[in-house]
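Asker: the following comprises the amino acid sequence and a computationally predicted model.
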Amino acid sequence: MAFTIGDLIEHAVDLMPDRTALESGERARTYAELEARSNALAHKLQELGVAPGDAVGLYSRNTIESVEAMVAIFKARAVMVNVNYRYVEAELDHIFSDSGMKVLIHERQYSPRVCNVLSNRADYGGADLAVEHRIVIEDGSDVDVACADAVAPAIAYEDAIAESSTARDFGDRSNDDLYMLYTGGTTGKPKGVVWRQEDVWRVLGGGIEWYTGEPVADEWEHAKTGAAGGQLVRFPIPPFIHGGSQWAVFQALFGGGKAVVYPDFDAHSVWEAVGRHGVNVIFITGDAMGRPMIEALEQRDHDTSTVVSVASSACLFSPSVKEQFLAKFPNAVIIDAIGSSETGFGGLGVVAKGQSHVGAPRVNADKQTHVLREDGTRVEPGSGEVGVLARTGHIPLRYHNDPEKSAKTFKEFHGVRYSIPGDFAQVETDGSITMLGRGSVSINTGGEKVFPEEVEAALKAHPDVFDTVVVGVADPRFGQRVGAVIATRDDARPSVTELSDVVRKELAGYKSPRSVWFVDAIKRSPAGKPDYRWAVSVAEGRPADTTIEDARAAVTETTK
């Protein structure tokens with residue numbers, strides 16, 4: 001036995017076969033049913049030529065079948081490729097070719113997109129793709145699943161299971177089996193972050209005790225603990241293209257818990273599912289999910305009596321929204337965690353009333369998370385110095401097919417290897433870490449550095465601001481000025497002066513927005529991350545709706 005995803009799930013199956021593992025609406029799977037169906041699908045993958053280390057794509061929303069497919073891929077010792085279901089064809093072409101996937105498992109509704117990419121290679125550079133077969137999950141749509149010229153023939157998902165053995169006879173696995181997570185980040189094409197399965201389990205799956213930082217020695221520990229206690233019900237709401245959401249499900253399955261999965265996000269539907277399934281722990285990605293959820297709860301009563309924790313990660317969870325959750329759930333633990341595809345879990349903070357609105361989370365970091373200077377020395381607590389967040393210990397091996405990017409992110413200083421994805425941070429006097437945001441989107445205004453997330457968080461304290469993305473825009477005097485693209489409530493149009501006044505209560509004046517563009521909605525990734533490139537295109541595409549110069553001119557006019 002080894003510290004692999006397949007083994008850890010099988011331990012829970014062996015101890016708790018009759019427990020419910022997955023629920024979605026009226027549908028459910030016990031651990032025994034999950035085992036049988038994922039075994040059968042794993043055998044079908046092997047029959048289709050998938051060998052250990054081969055890539056298998058999963059192009060699906062959050063469904064019971066997508067969880068079965070993930071488990072099957074890892075049982076077969078293949079490498080799962082998470083495919084963003086919002087990608088257009090050029091992006092699909094990149095991830096299909098970059099990963100070298102041999103088999104693609106996808107929902108039926110995506111067939112036309114998939115077939116266009118597989119059948120029209122000349123439009124995307126002409127290189128051959130490795131996709132040889134497709135397994136198609138029914139989703140209620142009726143589109144044709146066949147590709148032109150019989151490219152990558154399709155097999156019905158249920159047929160693939162029905163035709164295959166349900167036996168668990170896959171042989172030994174290795175701690176060195178790979179886990180890969182494609183991440184879009186804030187710029188550039190998706191990159192595959194390659195981990196050893198033991199390493200990623202240590203930092204995302206509970207292989208290191210969250211609070212003490214001590215490694216788990218017994219591979220059966222999760223399952224034994226789960227078998228001895230009650231069943232915890234987790235609801236990971238972000239899509240499974242998000243690593244945090246995948247691992248919320250894996251954590252549930254390692255410990256005999258129940259994972260609730262739904263394919264689409266709707267704020268009121270989330271709370272209906274919470275009441276229906278008796279959810280204990282809710283996973284969200286910051287304000288993108290948290291704000292509409294808490295406002296929906298204020299509009300209509302739902303049964304939330306079973307909720308003991310709300311955990312956010314990977315996206316700005318602004319203090320104003322945190323305080324709304326605290327008011328609604330005074331006895332629950334509200335958590336803001338940090339981490340990334342390149343570092344895994346980095347630390348968490350338990351939300352308390354009265355926290356600053358300055359920005360991204362302030363967390364108690366684990367023992368392997370540090371803030372470094374450019375020369376690799378560590379920033380001292382309380383110095384006020386800004387450095388880059390870095391993690392050592394169990395970290396990824398590399399980026400797939402990208403040695404140049406790997407060398408920039410995974411560096412060795414003074415004999416210690418670090419993962420440094422590019423987030424800036426400060427170390428407080430008590431040793432906690434305040435996150436400032438990704439350096440690639442920071443703004444340089446007159447030589448002063450401004451991190452968008454801190455301004456976004458401050459802006460959200462304004463009652464008219466529903467969502468916002470802050471970017472740097474060209475300025476003839478300062479090089480860049482702070483610009484804000486804002487979606488408001490009820491078509492409100494607060495002046496730049498009103499917005500600046502709110503920001504200045506928390507931040508230095510040079511960090512307040514000088515130009516504002518109003519939009520109907522902020523564009524975000526399915527995982528909730530802001531699309532900064534889109535926001536820049538909005539700012540560059542039309543004049544600002546209000547600027548600091550307009551406000552000053554109006555004041556001058558009224559004083560004449």
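Answerer: Yep, that arrived. Note that the coordinates shown come from a computational prediction; the quantities given were computed from them, not determined experimentally.
Asker: retrieve the pLDDT associated with Arg373.
Answerer: We have a pLDDT of 97 for Arg373.
Asker: OK, contacts around Gly278?
Answerer: Contact analysis of Gly278 by CB atoms under 8 Å, 6 or more residues apart in numbering lists Val233, Thr306. C-beta here means a position set from N, CA and C on the backbone, and glycine is covered the same way.
Asker: that one and Met16: what is the separation?
Answerer: Going from Gly278 to Met16 by CB to CB, to the nearest Å gives 17 Å.
Asker: any idea which residue is closest to the centre of the protein?
Answerer: His242 (3.5 Å; CA atoms, centre = their mean).
Asker: next, count neighbours for Gly256.
Answerer: 26 (other CB atoms under 10 Å).
Asker: what strand or helix carries the closest residue to it other than its chain neighbours?
Answerer: Spatial nearest neighbour of Gly256, chain neighbours left out: Gly226 (3.1 Å); criterion: CB to CB, 6 or more residues apart in numbering. Gly226 is part of helix 221-228 when elements are defined by DSSP states H and E.
Asker: in stretch 200-215, what's buried?
Answerer: Val200, Trp201, Arg202, Val203, Leu204, Gly205, Gly206, Gly207, Ile208 (16 or more other CB atoms under 10 Å).
Asker: hmm, I typed the wrong one, I wanted stretch 543-552.
Answerer: Ala544, Thr546, Thr547, Ile548, Asp550, Ala551.
Asker: kindly reformat these as TSV containing pLDDT, distance to Phe170 and secondary structure.
Answerer: Converted to TSV, the buried residues of stretch 543-552 look like this (pLDDT from 0 to 100; distance: CB to CB, whole Å; DSSP: H, G, I helix; E, B strand; the rest coil):
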residue	pLDDT	distance to Phe170	secondary structure
Ala544	96	59	coil
Thr546	93	62	strand
Thr547	94	63	strand
Ile548	90	64	helix
Asp550	83	66	helix
Ala551	81	67	helix
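Asker: mind listing what the closest residue to Gly207 other than its chain neighbours touches?
Answerer: Leaving aside its chain neighbours, Gly207 sits nearest to Trp201 (4.2 Å; criterion: CB to CB, 6+ apart). By CB under 8 Å, 6+ apart, Trp201 lies in contact with Phe3, Thr4, Ile5, Leu8, Gly207.
Asker: if we use 10 Å, what do you get?
Answerer: By CB atoms under 10 Å, 6 or more residues apart in numbering, the contact set of Trp201 is 3-5, 7-8, 175, 179, 195, 207-208, 216, 219, 222, 247, 250-251, 254, 344, 394.
Asker: repeat that for Val469.
Answerer: 316, 441, 452-453, 455-456, 459, 483-487, 517, 519, 522-524, 530-532, 534-536, 538-539.
Asker: now do the buried residues in the longest helix seen in the chain.
Answerer: Using DSSP state H to assign secondary structure, the helix with the most residues in the chain is helix 31-47. Of all the residues in helix 31-47, those buried under the rule 16+ other CB under 10 Å are 31-46.
Asker: buried ones in stretch 471-485?
Answerer: Neighbour-count burial for stretch 471-485, counted by 16+ other CB under 10 Å, picks out Val471, Gly472, Val473, Phe478, Gln480, Arg481, Val482, Gly483, Ala484, Val485.
Asker: quick one: the fourth one and Tyr532, what's the gap?
Answerer: When distance is defined by CB to CB, Phe478 is 19 Å away from Tyr532.
Asker: how far off centre is the strand or helix carrying Gly387?
Answerer: Taking DSSP H and E as the definition, Gly387 sits inside strand 386-391. Put simply, strand 386-391 sits 20 Å off its chain's centre (CA atoms, centre = their mean, to the nearest Å).
Asker: was I right about Trp210 contacting Asp366?
Answerer: Yes. Between Trp210 and Asp366 there is a contact at 8.0 Å, judged by CB atoms under 10 Å.
Asker: which residues in the stretch 351-500 of the chain form helices?
Answerer: 403-409, 452-459, 496-504 (DSSP state H, counting those that start in this stretch).
Asker: most tightly packed of the ones you listed?
Answerer: helix 452-459 (a mean of 27; mean count of other CB atoms under 10 Å).
Asker: can you give the distance of that one from its chain's centre?
Answerer: Averaged C-alpha coordinates place helix 452-459 at 20 Å from its chain's average position (CA atoms, centre = their mean).
Asker: tell me which stretches of the stretch 101-250 of the chain form helices.
Answerer: Using DSSP H, counting those that start in this stretch, helices in the stretch 101-250 of the chain cover 111-119, 157-162, 197-204, 221-228, 243-254.
Asker: let me have those in CSV, extended by distance to Gly384.
Answerer: Below are these laid out as CSV (distance: least, CB to CB, whole Å):
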stretch, distance to Gly384
helix 111-119, 49
helix 157-162, 55
helix 197-204, 29
helix 221-228, 41
helix 243-254, 30
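Asker: same list (those helices) but as TSV, adding distance to Val496 and mean pLDDT.
Answerer: Compiled in TSV, the helices of the stretch 101-250 of the chain are given as follows (distance: least, CB to CB, whole Å; pLDDT from 0 to 100):
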stretch	distance to Val496	mean pLDDT
helix 111-119	41	93
helix 157-162	53	98
helix 197-204	41	96
helix 221-228	52	95
helix 243-254	35	96
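Asker: closest one to Thr183 among those helices?
Answerer: Between Thr183 and these, the shortest gap by CB to CB is with helix 243-254, which sits at 7.6 Å.
Asker: one step back: and which of the buried residues of stretch 471-485 is nearest His268?
Answerer: Val485 (26.7 Å).
Asker: ok, that closest one to Asp303 distance?
Answerer: Distance, Val485 to Asp303, by CB to CB: 37 Å.
Asker: tell me which residues form a beta bridge with Ile284?
Answerer: On the basis of DSSP bridges, Ile284 is bridged to Ser312.
Asker: report how many residues lie close to it.
Answerer: Around Ile284 there are 29 residues (other CB under 10 Å).
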